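> Sequence unavailable; structure follows:
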């Protein structure tokens with residue numbers, strides 16, 4: 001698919017917007033005031049942009065569960081920016097978990113901790129363990145690859161795809177889909193090969209979509225840990241060819257997700273679930289589709305200033 005000669009993503013999922021915009025806007029305002037009041041207004045994303053992202057990606061959430069999705073996105077954007085700012089120039093020398101607690105502003109780590117505490121109270125132990133694992137993995141990778149510059153040797157494409165899946169925040173975000181959907185899947189099913197295959201495909205689409213729309217901003221900031229630059233580096237491609245390759249990869253990965261989701265109903269682990277849990281699983285799959293399509297719509301429709309290269313120059 002192309003738009004005016006430029007390859008574009010074709011994600012075969014439905015676009016729906018949440019009806020909980022008022023509740024989301026309240027959460028955005030509260031987090032903005034907390035950050036600004038603590039002197040970290042520069043980390044605040046524009047309210048309308050964040051409301052669009054949350055509402056486009058989580059239409060299945062009700063007024064109760066949308067607040068967890070909202071708080072997650074409203075706090076992890078500052079967290080991600082801070083990891084880049086703090087560790088991009090001063091690489092860690094000790095355990096990442098301890099460093100993040102001591103090196104990052106308390107206002108942000110407290111916000112994330114408060115969210116995590118609320119989630120652990122609401123969800124099962126199995127869900128909590130998976131979320132904590134995915135969040136810790138993100139922190140390890142985000143700190144390790146903060147500030148990856150043009151002077152460094154970039155990983156192979158194969159290695160990068162695995163690293164980016166962990167470093168991109170996609171997997172803990174996907175964990176929140178269970179919360180938004182009012183589900184809490186059995187731990188054995190959540191760990192099953194068929195379900196992890198769906199998670200990985202969704203995470204890749206989210207990470208690569210982000211890279212397609214953010215690579216120029218990141219390059220301007222001196223970072224090359226991005227799918228476009230890794231493809232260009234390893235295959236000696238011009239930017240246009242690397243961009244087209246990334247778009248094609250993302251479209252194929254979305255199709256792989258669709259194929260795997262369609263085959264899930266024939267999987268042994270799925271067949272063993274109760275009728276209600278099968279319905280929950282299908283609702284979570286729909287939630288992943290909403291996230292993939294919603295994030296893309298956010299980039300092309302909302303056009304957040306965070307990724308506006310001309311505005312940020």
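Arrived safely. All values reported here derive from a predicted model rather than from experimental measurement.
> Can you give me the distance of the nearest residue to residue 281 once chain neighbours are set aside to residue 123?
Counting by CB to CB, 6 or more residues apart in numbering, residue 185 is the residue found nearest to residue 281 once chain neighbours are left out, at 6.2 Å. Backbone N, C-alpha and C define where each C-beta goes, glycine included. The gap separating residue 185 from residue 123 is 10 Å, by CB to CB, to the nearest Å.
> Find residues that contact each of these two.
Common contacts of residue 185 and residue 123 (CB atoms under 8 Å, 6 or more residues apart in numbering): residue 178.
> What is the three-state secondary structure of the residue nearest to residue 281?
Secondary structure assignment for residue 185 (DSSP: H, G, I helix; E, B strand; the rest coil): coil.
> So what does it have for phi and psi?
The phi/psi pair for residue 185 (degrees, to the nearest 10) reads phi -70, psi 150.
> count of neighbours near it?
If you count neighbours by other CB atoms under 10 Å, residue 185 ends up with 21.
> can you check residue 243 too?
By the measure other CB under 10 Å, the count of residues near residue 243 is 21.
> quick one: which helix or strand includes it?
Using DSSP states H and E, residue 243 falls within helix 239-264.
> Give me the distance from whichever helix or strand comes after that helix to the chain's centre.
Using DSSP H and E, the helix or strand that follows helix 239-264 in sequence is helix 268-271. Counting by CA atoms, centre = their mean, to the nearest Å, helix 268-271 is centred 28 Å from the centre of its parent chain.
> Who are the packing partners of helix 268-271?
helix 187-190, helix 193-220 (3 or more CB pairs under 8 Å, 6 or more residues apart in numbering; DSSP states H and E).
> got a list of what residue 66 touches?
With contact taken as CB under 8 Å, 6+ apart, residue 66 is in contact with 18, 20, 23, 24, 54, 58, 180.
> how about 10 Å then?
18-21, 23-24, 27, 54-55, 58-60, 179-180 (CB atoms under 10 Å, 6 or more residues apart in numbering).
> Which pLDDT value belongs to the residue nearest to the spatial centre of the chain?
For the chain, residue 170 is the residue whose C-alpha lies nearest the centre (CA atoms, centre = their mean; 3.1 Å). The per-residue pLDDT reported for residue 170 equals 97.
> To what extent is the nearest residue to it once chain neighbours are set aside buried, counted in neighbours?
Distance criterion CB to CB, 6+ apart; nearest residue to residue 170, sequence neighbours excluded, is residue 203 at 3.8 Å. Number of residues near residue 203 (other CB under 10 Å) recorded here: 25.
> and if you look at residue 183?
21.
> contacting residues around it?
60, 65, 123, 127, 177, 276-277, 279-284, 287.
> now it: how far from residue 30?
For residue 183, the distance to residue 30 equals 26 Å [CB to CB].
> Residue 10 and residue 242: what is the separation?
As judged by CB to CB, residue 10 and residue 242 stand 18 Å apart.
> out of these two, which sits in the busier spot?
residue 242 (22 against 14).
> my guess is that one meets residue 228, correct?
Yes. Applying CB atoms under 10 Å, one finds residue 242 in contact with residue 228, separated by 4.9 Å.
> which residues are common contacts for those two?
The contact lists of residue 242 and residue 228 share residue 215, where a contact means CB under 10 Å, 6+ apart.
> ok, the closest residue to residue 301 other than its chain neighbours - contacts?
Spatially, and ignoring its direct neighbours in sequence, residue 301 is nearest to residue 52 (7.7 Å; CB to CB, 6+ apart). Neighbour list for residue 52: 17, 21, 24, 46, 294, 297, 298, 301, 302, 303, 304 [criterion: CB under 10 Å, 6+ apart].
> Sitting in helices, which of these do you find?
Taking DSSP state H as the definition of helices, the contacts of residue 52 contribute 21, 24, 294, 297.
> Residue 222 touches residue 148, doesn't it?
Yes. With contact defined as CB under 10 Å, residue 222 reaches residue 148; the gap is 9.0 Å.
> Neighbour count for the two, which is higher?
Ranked by neighbour count (other CB under 10 Å), residue 222 and residue 148 place residue 148 first, with 22 against 12.
> The more buried one contacts residue 155, doesn't it?
Yes. Contact criterion CB under 10 Å: residue 148 and residue 155 qualify, at 9.3 Å.
> Common neighbours of the two, please.
By CB under 10 Å, 6+ apart, the residues touching both residue 148 and residue 155 are 225, 230.
> Of all pairs in the contacts of residue 66, which one spans the longest distance?
Within these, two members stand farthest from each other by CB to CB: 21 and 179, at 18.6 Å.
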